[in-house]
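Chemist: would you be able to build a 3D model of this:
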Amino acid sequence: MNSLMSVALSQFGVKEVQGSKDHPQIVNYFTSLGFDASKFKDETSWCSAFINWVAQQAGYEKSNRLTARSWLTVGASTMNPQQGDIVVLWRESPNSWKGHVGFLVKESKRYVYLLGGNQGNSVSIKAYPKNRILDYRKLCKDG
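Modeler: This is a model prediction of the structure:
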């Protein structure tokens, strides 16, 4: 298992807090990247913040942005994805700015299984249809 997956799995189960309070670790995903904590709550879309935080902790390059599709320009596209590679998905439509990003755990014929943040309001593993994939990305060590 690579260091990205080890760091990501260390966060498994981190979940949004119901009501006006926020999970401090989810807020930390934003603040550790230099974002103002007062502007972000655990209800804010945080899949990209989570991937950035994991990459930073493991010493890999980051997008430094909070949009899932920002990962389409980080690392290198790969036609041979491996566990721990980034998977970028579209949401609403392939042409929308909206998306989702997570780490590849495994694939089946029709689905990719991603370890990611903001999946069911938590860090979890979830299946997504392969027809929503925009790209697989292999990250490089930072520096």
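
Chemist: shouldn't residue 112 be in contact with residue 126?
Modeler: No. The pair residue 112 and residue 126 fails to qualify as a contact (CB atoms under 8 Å) at a distance of 9.5 Å. Just so you know, the C-beta spots here come from the backbone N, C-alpha and C atoms, and that holds for glycine as well.

Chemist: more neighbours, the two?
Modeler: Neighbour totals were compared for residue 112 and residue 126, and residue 112 leads with 21 against 16 (other CB atoms under 10 Å).

Chemist: buried sites along the lengthiest strand in the chain?
Modeler: Across the chain, the longest stretch assigned as strand under DSSP state E is strand 99-107. Within strand 99-107, the residues that count as buried by 16 or more other CB atoms under 10 Å are 99, 100, 101, 102, 103, 104, 105, 107.

Chemist: what mean pLDDT does it have?
Modeler: Mean pLDDT, strand 99-107: 98.

Chemist: CA atoms only for it - export them in CSV, please.
Modeler: Provided in CSV are the C-alpha atoms of strand 99-107 (Å, rounded to 0.1, in the frame of the first residue of the first chain):
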residue,chain,number,x,y,z
GLY,A,99,-17.2,16.8,-10.0
HIS,A,100,-15.8,14.5,-7.4
VAL,A,101,-12.3,13.2,-6.7
GLY,A,102,-11.0,10.2,-4.7
PHE,A,103,-8.3,7.5,-4.5
LEU,A,104,-8.8,4.3,-6.5
VAL,A,105,-9.3,1.3,-4.2
LYS,A,106,-10.4,-1.2,-6.8
GLU,A,107,-12.4,-1.6,-10.0
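
Chemist: start the count at 42 instead of 1 going forward.
Modeler: New numbering, starting at 42: the last item is strand 140-148.

Chemist: looking at the buried residues of strand 140-148, which is nearest residue 125?
Modeler: residue 144 (5.7 Å; CB to CB).

Chemist: partners of that closest one in the sheet?
Modeler: residue 127, residue 156 (DSSP bridges).

Chemist: which residues sit in contact with it?
Modeler: Counting by CB atoms under 8 Å, 6 or more residues apart in numbering, residue 144 makes contact with 45-46, 49, 92, 95, 124-128, 155-157.
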